[in-house]
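In: What follows is a predicted structure for the sequence shown.
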Amino acid sequence: MPNEQLQLDWHQAALELESRLRQMTGQAPERLDLLTIKTTYPRRSWAAAWRVTVEFSDHVSRRIDVVATAQFPLIPVRTALVDHPEFLTWPHVESDGILCLLPNMAEVDPDDPVAVAENLLIRSCRLIEELLQGGIVERDFREEFLTYWAYKAHADGSKLFSLLAPEAPSRVVRVWKGKGIEVVGETAEALAAWSRRRYGAGIDTATQAAAFLWLDTPLLPTQYPDTAADLRNLAADIDATATAVLDSAAGKEPNELLVILGAKGRGGAGLIAVKVLNPKPARSTAGIVSEPLSRGFRPRSLPAPLLAARFFGSSEVIRSSVQRADARWIHGRGQDARTESLLGSTILIIGCGSVGAPVACKLAQAGVGHLILVDSDNLSWPNVGRHPLGATEVGRNKAEALAERLQSDFPHLRIEYRPHNLFAILAAEPGLLDTADLIVVATGSWAAENAINRWHVASGRLKPVLYGWTEAHACAGHAVAIVAEGGCFQCHIGRTGVPSFKVVTWPNGGDENREEPACGAHYQPYGPVELSYITATIADLALDCILDLPRRSLHRIFAASPKRVADLGGRWSDEWLAEHGDGSVGVQTVDREWVSLPCVACGTGSET
């Protein structure tokens, strides 16, 4: 029955589409047979097509096809210009005439496919008129140059990664070749650091020279280099510096010279690549042995102009796309203004358990440039259910294993670890705390929190410290940022580590912890889904501390839905109700000031 209904929907939509095309064009649309469709569009999977003829402002009639897949009307139709010029004469026209009218994230109304088709046909005619007038041709080729370069590339660049800053000036750079990949970076040192972080300390980090040329404007398809000589002429058209860079990179006669070209399009900077193969002449007809380009000269005595003439000759180049892997592209595709500040920051995370580890992951993904992870515990099987690390890391130190994972996943960042507890760090490496722009404490240990707070007060609270913890069943979570003004952490924490403010209370005092069948083995019962709200709240406040530091100590609270609290047998605390009513608004995050009170840590008297 469902398949029959889909067939009925298809035929009904097709009939309605034919009727609408007839009304729009004043002609009976030609329904193409499958043989014509397959011949015209051999790379496509169109199930049906209708052809109409439209006369344009140049008084030329051109045929336009409206094509549909077997999933029509759920998948919208496309349009194609049958009488199209040679490929890459016009932008937005693919090699088989299909027109690119909508961005890749555009959504259409699936309940009115005929109206969608009408709109696309109107857009198609408008686009063709604009192309005929010529005003958008050069502009759009330049603004979307990565797309059109990819059409004419010989390699998709899926294994060619760039760590370069895509900006002027032209310069000699370096390229590292790993197993099946190539990575281009600013210096040999930067590439060595990246490759070791990604693949391990034992990796071979040898590099060779490459060239980066910055273009004032992106290339048009007619300017794409076909030969090595074309490439050198292109460098000469840029400026003398670009030519010097190209010649310098070729100076040692590499077997293959990688040249990265950068320019700004509509969406920001983009990169493309050209590879020049060394045209070594063969000494024998069998081509077994080849001579260097410097033949006839003593080593390193070949005049530079002659070397350039020999290297950049008539041999064909290999055009390639490039995958940007620089930090600014990874964190915001070069458009996030926060990236620079985050990349320059250092965050020390004390505690890499079910709270601290997800926070560390989020901060790495956000682009924090330097993370230092501290934890003395090893990962055990019951940790796996709510920890980013899994079974392959059971038995390993949490900080070490997490740092290793994050460093491999984010080789452009610097991830360190200390497999020790806080007190060992204070004894052996007390200066470590001073190096951080922010300290995140997620230990779940009052002894550690108390020690950090006392250190923070004694050091003048010059940099923020962020404390994060969960309430029972993860029905609420807390993130407290202690800064220079406002309360210290202990201002609202009792002598045994019990916070003065709770969101949820439990019957008969509620046993917040559960016990394993072992002496002293306690844990809190919650899962990774509900925990994710809390770790996101803590990470969010951590970013605030780096990007827009609160003026006074701040308490950010996540509260679960009333249904979850009720289902587990809890109720809102009197303190929460006094500040936020009955909690019926559902899941929420609220901020409240962490005010200063007399306490043994920062005040002159005892707590009140």
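Out: That came through, no problem.
In: Quick one: mean pLDDT over the helix or strand harbouring Leu402.
Out: Secondary structure here is read from DSSP states H and E; on that basis Leu402 sits in helix 398-409. Mean pLDDT, helix 398-409: 98.
In: Need the residues that contact whichever helix or strand comes after it.
Out: Helices and strands here follow DSSP H and E; after helix 398-409, the next one along the chain is strand 414-418. The set of residues external to strand 414-418 that reach it, using Cβ atoms under 8 Å, 6 or more residues apart in numbering, is 197, 364, 369-375, 397, 399-400, 402-404, 406-407, 425, 429, 432. Every residue, glycine included, has its C-beta placed from N, CA and C.
In: From these, list just the buried residues.
Out: In terms of neighbour count (16 or more other Cβ atoms under 10 Å), the buried residues within the contacts of strand 414-418 are 197, 364, 369-375, 397, 399-400, 402-404, 406-407, 425, 432.
In: which residue sits closest to the residue nearest the centre of the chain, ignoring its sequence neighbours?
Out: Note on the chain: the residue nearest the mean C-alpha position is Ile330, at 3.8 Å, using Cα atoms, centre = their mean. Sequence neighbours aside, His412 is the residue nearest to Ile330 in space, at 6.8 Å (criterion: Cβ to Cβ, 6 or more residues apart in numbering).
In: Now for that neighbour, how many residues are close by?
Out: Burial of His412 is recorded as 21 neighbouring residues (other Cβ atoms under 10 Å).
In: if I look at it, how far off is Ser553?
Out: Using Cβ to Cβ, to the nearest Å, His412 is found at 33 Å from Ser553.
In: And the helix holding Leu402, what does it pack against?
Out: Counting contacts by 3 or more Cβ pairs under 8 Å, 6 or more residues apart in numbering; DSSP states H and E, helix 398-409 packs against helix 188-199, helix 356-366, strand 370-374, strand 414-418.
In: Out of those, which is closest to Leu231?
Out: helix 188-199 (23.2 Å; Cβ to Cβ).
In: Distance check, Lys398 against Pro411.
Out: For Lys398 relative to Pro411 (Cβ to Cβ), the value is 21 Å.
In: Could you do Ile37 as well?
Out: Relative to Pro411, Ile37 is positioned 47 Å away (criterion: Cβ to Cβ).
In: Ala458 now?
Out: From Ala458 over to Pro411 the distance is 37 Å, taken as Cβ to Cβ.
In: So if I had to pick from those two, which one is more boxed in?
Out: Regarding Ala458 and Pro411, a neighbour count based on other Cβ under 10 Å identifies Pro411 as having more, with 20 against 10.
In: For the stretch 201-350 of the chain, give me the ranges with low pLDDT.
Out: Under the criterion of pLDDT under 70, the regions of the stretch 201-350 of the chain flagged as low confidence span 281-302.
In: Break down it into its helices, ranges please.
Out: Listed in chain order, the helices of the stretch 201-350 of the chain (DSSP state H, counting those that start in this stretch) span residues 228-238, 240-249, 304-311, 327-330, 339-343.
In: got these as CSV, with distance to Lys177 columns?
Out: Supplementary listing: those in CSV, determined by distance: least, Cβ to Cβ, whole Å:
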stretch, distance to Lys177
helix 228-238, 20
helix 240-249, 15
helix 304-311, 20
helix 327-330, 21
helix 339-343, 26
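In: residues in contact with stretch 109-126?
Out: The set of residues external to stretch 109-126 that reach it, using Cβ under 8 Å, 6+ apart, is 13, 16-17, 20-21, 24, 52, 54, 56, 64, 66, 72-74, 76-79, 81, 99, 101-102, 108.
In: Would you list the phi and psi of Ala155?
Out: For Ala155, the backbone dihedrals are phi -130, psi 140 (criterion: degrees, to the nearest 10).
In: how close does the spatially closest residue to it that is not a sequence neighbour sit to Leu160?
Out: In space, Ala155 comes closest to Ser320 once its chain neighbours are excluded; the distance is 4.0 Å by Cβ to Cβ, 6+ apart. With distances defined as Cβ to Cβ, the gap from Ser320 to Leu160 amounts to 6 Å.
In: Spell out which residues are contacts of both of those two.
Out: Common contacts of Ser320 and Leu160, defined by Cβ under 8 Å, 6+ apart, comprise Ala273.
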